[in-house]
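Asker: missing the sequence, but the structure's below:
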C-alpha cells in the first residue's frame, strides 16, 4: 500500500499496516502563518512493515507541533518514521516522537529520525525523541539533526551564476526529496517514488 496525504484537515491521523503487509505513507504538510498541533499514531500489525515519511514546510510565522506515536503491540512488527522539516522566516517547528513496544511486541523493530533544515536566522526547532520499551529482543533507534544552509554549497552554486533564492530553493528541494528516496529501502520502485514527488509537490 502506498499513500500520499497532503495537509490533512484533522488533528489526529492513525496509520495501520495489516498482517504481512508493507505500507508506505508520505505526509506532506505546508504551513504559511498558521498554527497546528497534529498527532500521528502508527500501529504496525504482526509481521508487517509500516514506513512513514513526513515532509514539513513552514513559512511566515507558522507554528507546527507534530506528536508521533509508534506503538508496537504485535510481535515481529516494524515501524520506520522519518520526519524532515524545512523552516523559513520566523516559523517554529516542534517534533515529539515516542516509540512504545509493549510486552507483546517481542522481536519488533522501530526506527525514528527527525532531520531539520533552518533557512533563516529567526527560525526555531525543538526535537524530543522518546523510547518506552517493555519487551525483550527488540531493536530500536532514534535520532535528530538540525542544521542551516551550508556556506560551501551556497558558494559553489553562486560561482555558477545561481542566485541566492535559487540556491535556497535547490537545497531545500534536495533536502525534502531525499526523504522520499528512503522509500526505495521499503521496496518501492523508482517510478512510484517519482509519482510521490509529484503528489507531494516536489517536482
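Answerer: Thanks, I have it. All figures in this text were calculated on a predicted structure; none of them were measured in a lab.

Asker: Going by C-alpha atoms from here, please, whenever you check contacts or count neighbours.
Answerer: Will do.

Asker: Which strand or helix spans the residue nearest the centre of the chain?
Answerer: Nearest to the geometric centre of the chain sits residue 83, at 1.8 Å (C-alpha atoms, centre = their mean). Element membership for residue 83, per DSSP states H and E: strand 78-87.

Asker: Between the two ends of stretch 45-64, what distance do you get?
Answerer: Distance between the two ends of stretch 45-64: 29 Å, counting by C-alpha to C-alpha, to the nearest Å.

Asker: how close does residue 180 sit to residue 154?
Answerer: Note on residue 180: its distance to residue 154, by C-alpha to C-alpha, is 24 Å.

Asker: Which one of these two is surrounded by more residues?
Answerer: residue 180 (23 against 17; other C-alpha atoms under 10 Å).

Asker: so the more buried one, which of the three states?
Answerer: Recorded secondary structure, residue 180: helix (DSSP: H, G, I helix; E, B strand; the rest coil).

Asker: again with residue 27
Answerer: strand.

Asker: now swap in residue 193 and tell me
Answerer: helix.

Asker: That one: neighbour count?
Answerer: The burial count for residue 193: 18, using other C-alpha under 10 Å.

Asker: same question, residue 24
Answerer: With other C-alpha under 10 Å as criterion, residue 24 counts 21.

Asker: re the thing from before, what residues does whichever helix or strand comes after the strand holding residue 83 touch?
Answerer: Next along the chain after strand 78-87, taking DSSP H and E as the criterion, comes strand 92-101. Contact with strand 92-101 is made by 58, 61-73, 85, 87, 108, 110, 112, 114, 123-135, as judged by C-alpha atoms under 8 Å, 6 or more residues apart in numbering.

Asker: returning to that earlier point: who does the strand holding residue 83 touch, helix- and strand-wise?
Answerer: strand 35-44, strand 49-59, strand 109-118, helix 164-181 (3 or more C-alpha pairs under 8 Å, 6 or more residues apart in numbering; DSSP states H and E).

Asker: and the angle from it to strand 49-59?
Answerer: Here strand 78-87 runs at an angle of 10 degrees relative to strand 49-59 (axes from the mean of the first three to the mean of the last three C-alpha atoms, to 10 degrees).

Asker: partners of strand 78-87 in the sheet?
Answerer: Next to strand 78-87 in the sheet, as set by DSSP bridges, lie strand 49-59 (parallel), strand 109-118 (parallel).
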